[in-house]
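Colleague: missing the sequence, but the structure's below:
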């Protein structure tokens, strides 16, 4: 542990006296990287040279506590100028820590360089510093085996395929329009206030997805994530009109059951989009346009059973809505009757559809839901074995603050994973030259440090959704950039999810352009090959499984990913990829390897198995276990 090479690395670091080494990503400095379970202990180690030390302490305080009331845990001297101390947080939640080094002259503070990232730190002579984060869980989650090994496919149902033999659209909606051809680009018809007054449809349906299951299986897809399927007025169906009905344009309840049976018969799974933060203005619950009989919606009468679901500022014309979109009245977060309607274990909506065979749920805008409500949904879903609950969160979900409240949905008993938008942003920025390789490594390792291991290893990874630009468009339609990004995407831990059409080169800007119809018969074969090869590698190389350790690394303008799987019998399998995310050729010189966050053994392994190699722009090289 206390190796002379660490001391040498410390002395070679740039910076003023004294010389201090601590890196929160380095296993020489921490027992483990990631969240810990409450009641367990975490030992931290810091190395201090070239300074007379009187005392070293870890200063730690809980989230919500004033840092002035922080506790200090004294660290004990060990060999080779190392000091070590043990933290045993008494409750779940977030804790923040730094180091205090006391000399004869002054107190010094060692804290992370960045208030966003972990990793390296620096010495501060003033008390105003950032802090490292330690996440403490109630328990580590166990996720279904099928989910942990899945390759997902995200389908915007109206835009995928029409399964009717005659091509007719099921039950066209009033005051809408249907495109003349599937090649037409999506378009909104809005009024003078910017409100959509005519929704557009292509006519994709459940039978169409069922018809294309062989295509999805051939691609390597094992699970589907569907955009909302419940009755609604819009094409996206985030404006739910009736949670108890399948939208008639998609099919009947019998069609849904037939589709679900076909998916399961194919050995695949399906999760639904649960939109429980808002409903549609044109819903049986709100009934703004008095569409429903009997007239029982919240705007029909204050005596409506749904009245307390909503917050009116001037009844019935003015009410709280999602981001001010009048078509999406938000649910009153204190409405116990709504929570009962959705999450009651016996009669709730979640139970109703899960009982029919749905394999899990993705919660829309999870950070706008109360943690307690998410917990109720989880309880309802947990009645059925091998189900999964995922949340839409766009940032680091371990420390998310929304509307002034800290969320704790990753600490056990709520969300089992979240949509990994940070990964998407990091990959796009890296390949587009807007994020350096070292910052990319630091961002990825920070998520590893902050998240529970079960979440980091099994996050719901995506590089495109109905809320983002198409990935090819984000990369300026550059297929070399795309090939690099997709190979990195499938090399990192997590459950990969492909947005329909990305694998055949569909392009498009922001909503609605990112929701084009699938170009059946006009697929881009080159791009399809990029995805097929990456999926095949992921499914056939055990070292790329979610159980394998994730060790990113970098030198000057080049990077790499090392995955290591330790099997139950003690045998080890490795996978390595090195890459150049630049528009110019580079020399991947292993002598430039940055080592502060790597253990001595990890550094030795990489020096042994990676040769100094020239790499062309946006190219990558896989070093397979046979090569290693």
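Modeller: Perfect, I can see it now. Computed from a predicted structure; not experimentally measured.

Colleague: just the element for the residue nearest to residue 544 when sequence neighbours are not counted, please.
Modeller: Nearest residue to residue 544, sequence neighbours excluded (CB to CB, 6 or more residues apart in numbering): residue 538, at 5.2 Å. All C-beta spots, glycine's among them, are computed from the backbone N, C-alpha and C. Per DSSP states H and E: residue 538 is located in helix 525-540.

Colleague: pull out the buried positions in that helix.
Modeller: Across helix 525-540, burial judged by 16 or more other CB atoms under 10 Å covers 527, 530, 531, 534, 535, 537, 538.

Colleague: what pLDDT does the fourth one get?
Modeller: So the one you mean is residue 534. Residue 534 is assigned a pLDDT of 98 by the prediction.

Colleague: contacts only, for residue 263.
Modeller: Residues near residue 263 by CB atoms under 8 Å, 6 or more residues apart in numbering: 210, 213, 224, 269, 270.

Colleague: sorry, slip of the keys, the one I care about is residue 321.
Modeller: Residue 321 neighbours (CB under 8 Å, 6+ apart): 278, 327, 328, 329, 330.

Colleague: isn't the last one right up against residue 275?
Modeller: No: contact criterion CB atoms under 8 Å: residue 330 and residue 275 do not qualify, at 11.2 Å.

Colleague: which one's more surrounded, the two?
Modeller: With neighbours defined as other CB atoms under 10 Å, residue 330 and residue 275 compare such that residue 275 has more, 26 against 19.

Colleague: in the stretch 51-200 of the chain, which spans are strands?
Modeller: 55-62, 71-74, 76-77, 82-87, 93-102, 107-112, 121-124, 132-137, 152-155, 176-178, 189-190, 196-201 (DSSP state E, counting those that start in this stretch).

Colleague: which one of the ones you listed lies nearest to residue 583?
Modeller: Of all these, strand 152-155 sits nearest to residue 583, with 30.2 Å by CB to CB.

Colleague: break the protein into its domains for me.
Modeller: The chain breaks down into these domains under automatic domain parsing: 4-137, 280-330.

Colleague: grab the most central residue of the chain for me.
Modeller: The centroid of the chain falls nearest to residue 420 when counting by CA atoms, centre = their mean (1.6 Å).

Colleague: mind listing what it touches?
Modeller: 459, 460, 461, 462, 494.

Colleague: can you give me the distance of it to residue 135?
Modeller: According to CB to CB, to the nearest Å, residue 420 stands 16 Å off from residue 135.

Colleague: quick one: least confident helix or strand in the protein?
Modeller: The weakest-scoring helix or strand in the chain, judged by mean pLDDT, DSSP states H and E, is helix 4-12 (a mean of 39).

Colleague: all helices of the stretch 101-250 of the chain, in order?
Modeller: 145-148, 206-211, 213-219 (DSSP state H, counting those that start in this stretch).

Colleague: ok, now the stretch 501-628 of the chain?
Modeller: 525-540, 600-609.

Colleague: weakest of those helices in terms of mean pLDDT?
Modeller: Across the helices of the stretch 501-628 of the chain, helix 600-609 gives the lowest mean pLDDT, at a mean of 94.

Colleague: so who does residue 413 touch?
Modeller: Residue 413 sits in contact with 138, 139, 375, 378, where contact means CB under 8 Å, 6+ apart.

Colleague: pretty sure the third one sits in a helix.
Modeller: Yes: assignment of residue 375 by DSSP: H, G, I helix; E, B strand; the rest coil places it within a helix.

Colleague: tell me the two of the contacts of residue 321 that are most distant?
Modeller: Maximum distance among the contacts of residue 321 (CB to CB): 11.5 Å, for 327 and 330.

Colleague: quick check, pLDDT for the residue nearest to the centre of the chain.
Modeller: 98.

Colleague: hmm, back to that, can you flag the buried ones in the contacts of residue 413?
Modeller: Buried among these by 16+ other CB under 10 Å: 138, 375, 378.

Colleague: pLDDT and distance to residue 483 for these - can I get that in CSV?
Modeller: Shown next, in CSV, are the buried ones among the contacts of residue 413 (pLDDT from 0 to 100; distance: CB to CB, whole Å):
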residue, pLDDT, distance to residue 483
138, 97, 42
375, 98, 42
378, 98, 38
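
Colleague: from the residues you listed, which single one is nearest residue 245?
Modeller: For the buried ones among the contacts of residue 413, the nearest to residue 245 is residue 378 (24.5 Å; CB to CB).

Colleague: so where's the protein uncertain?
Modeller: For the chain, the stretches with pLDDT under 70 are 1-18, 624-628.

Colleague: ok, now how distant is residue 404 from residue 276?
Modeller: 21 Å.

Colleague: ok, those two, which is more surrounded?
Modeller: residue 276 (25 against 5).

Colleague: tell me the SS of that one?
Modeller: Strictly by three-state DSSP, residue 276 counts as coil.

Colleague: wait, it sits on residue 335?
Modeller: No: here residue 276 does not reach residue 335: they are 11.1 Å apart, not a contact under CB under 8 Å.

Colleague: show me the helices in the stretch 251-400 of the chain, by range?
Modeller: 253-265, 336-343, 349-355, 371-381.

Colleague: between the ones you listed, which one is nearest to residue 100?
Modeller: helix 371-381 (33.2 Å).

Colleague: who are the packing partners of that closest one?
Modeller: helix 336-343, helix 349-355, strand 360-363, strand 388-391 (3 or more CB pairs under 8 Å, 6 or more residues apart in numbering; DSSP states H and E).

Colleague: list the buried residues of that helix.
Modeller: Buried residues in helix 371-381 (16+ other CB under 10 Å): 371, 373, 374, 375, 376, 377, 378, 379, 380, 381.

Colleague: how many residues are close by the residue nearest to the fifth one when sequence neighbours are not counted?
Modeller: Here the nearest residue to residue 376 in space, its sequence neighbours aside, is residue 343; by CB to CB, 6+ apart that works out to 3.9 Å. Neighbourhood size, residue 343 [other CB under 10 Å]: 22.

Colleague: could you dump the helices of the stretch 251-400 of the chain to JSON lines with distance to residue 518?
Modeller: Below are the helices of the stretch 251-400 of the chain laid out as JSON lines (distance: least, CB to CB, whole Å):
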{"stretch": "helix 253-265", "distance to residue 518": "17"}
{"stretch": "helix 336-343", "distance to residue 518": "32"}
{"stretch": "helix 349-355", "distance to residue 518": "25"}
{"stretch": "helix 371-381", "distance to residue 518": "30"}
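
Colleague: among those helices, which comes closest to residue 545?
Modeller: Among the helices of the stretch 251-400 of the chain, helix 253-265 sits nearest to residue 545 (CB to CB), with 23.3 Å.

Colleague: nearest to residue 258, out of the contacts of residue 263: which one, please.
Modeller: residue 210 (7.2 Å).

Colleague: pretty sure that closest one is touching residue 259, no?
Modeller: Yes: in this structure residue 210 lies within contact range of residue 259 using CB under 8 Å: 4.8 Å.

Colleague: from the contacts of residue 263, pick the one nearest residue 43.
Modeller: Nearest to residue 43 among the contacts of residue 263, with distances taken as CB to CB, is residue 269, at 39.9 Å.

Colleague: circling back: out of the strands of the stretch 51-200 of the chain, the one nearest residue 473 is which?
Modeller: Per CB to CB, nearest to residue 473 of those: strand 152-155, 16.5 Å.

Colleague: and the closest one, what does it pack against?
Modeller: By 3+ CB pairs under 8 Å, 6+ apart, strand 152-155 packs against strand 223-226, strand 495-499.
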